[in-house]
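*Asks:* how would this look folded up:
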Amino acid sequence: MKNFVVKTIANAAALAVAVWLIDKITLTGDSTGKEIGTLILVALIFGVVNFLVKPIVQLLSLPLLILTLGLFTLVVNALMLLLTSWLAGQFDLSFHVEGFWTAVLGGLIISVVSWALNVVLPDGD
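*Replies:* Take a look at the predicted model:
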C-alpha cells in the first residue's frame, strides 16, 4: 500500500511539473486545494492507464519498438497521456492536453521526472 501511495505522489508531482512547464497542458481549479485534489485524481487515472492499457499497447507495437530501437515508446507515452486527458474529461476533471506533440513533450517530461522521483523516494512494499 505504501508503494502505491509513493508512486501516486510521484506521478502527481511529475504531472505538476509538466503542467508548470508546458502551456498547452492545463489544470484549472478554484483554489490550490482543489487543484491538488484534481492532480491526485489525474495521477490515479494516469497510474491505472499505465498499469492496464500501456502493456497491451506496447505488446501490440513491439515490432515498431524494435524497429525504432525503443523511440516509439515516446509515442506510446504520448498516447497514454492523451488517454488520461480524455478520461479526466469524462470524470469532469479540469485536466487537458492539447494535441499530440504537446503530449509527446509532456510524456517525456513526466517520464524523466517520475524516474528521478522513484530513484529518490523509498520503495517499500
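*Asks:* got the contact list for Thr73?
*Replies:* Thr73 makes contact with Gln58, Leu65, according to Cβ atoms under 8 Å, 6 or more residues apart in numbering. C-beta coordinates here come from the backbone N, C-alpha and C atoms, glycine included.
*Asks:* what comes up buried for the helix or strand hosting it?
*Replies:* In this structure, Thr73 sits in helix 72-90 according to DSSP states H and E. Taking 16 or more other Cβ atoms under 10 Å as the basis for neighbour counts, the residues of helix 72-90 that come out buried are 72-85, 87-88.
*Asks:* Return the alpha-carbon coordinates of it using PDB.
*Replies:* Taking Å, rounded to 0.1, in the frame of the first residue of the first chain, the C-alpha atoms of helix 72-90 are listed here in PDB:
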ATOM      1  CA  PHE A  72       8.400   4.500 -30.300                       C
ATOM      2  CA  THR A  73       8.000   4.500 -26.500                       C
ATOM      3  CA  LEU A  74       7.700   8.200 -26.800                       C
ATOM      4  CA  VAL A  75       4.600   7.800 -29.000                       C
ATOM      5  CA  VAL A  76       3.100   5.200 -26.600                       C
ATOM      6  CA  ASN A  77       3.700   7.600 -23.600                       C
ATOM      7  CA  ALA A  78       2.000  10.400 -25.600                       C
ATOM      8  CA  LEU A  79      -1.000   8.200 -26.300                       C
ATOM      9  CA  MET A  80      -1.300   7.300 -22.600                       C
ATOM     10  CA  LEU A  81      -1.200  10.900 -21.700                       C
ATOM     11  CA  LEU A  82      -3.900  11.800 -24.200                       C
ATOM     12  CA  LEU A  83      -6.000   8.900 -23.000                       C
ATOM     13  CA  THR A  84      -5.600  10.200 -19.400                       C
ATOM     14  CA  SER A  85      -6.600  13.600 -20.600                       C
ATOM     15  CA  TRP A  86      -9.700  12.200 -22.300                       C
ATOM     16  CA  LEU A  87     -10.600  10.100 -19.200                       C
ATOM     17  CA  ALA A  88     -10.200  13.100 -17.000                       C
ATOM     18  CA  GLY A  89     -12.700  14.900 -19.200                       C
ATOM     19  CA  GLN A  90     -15.100  12.100 -18.800                       C
END
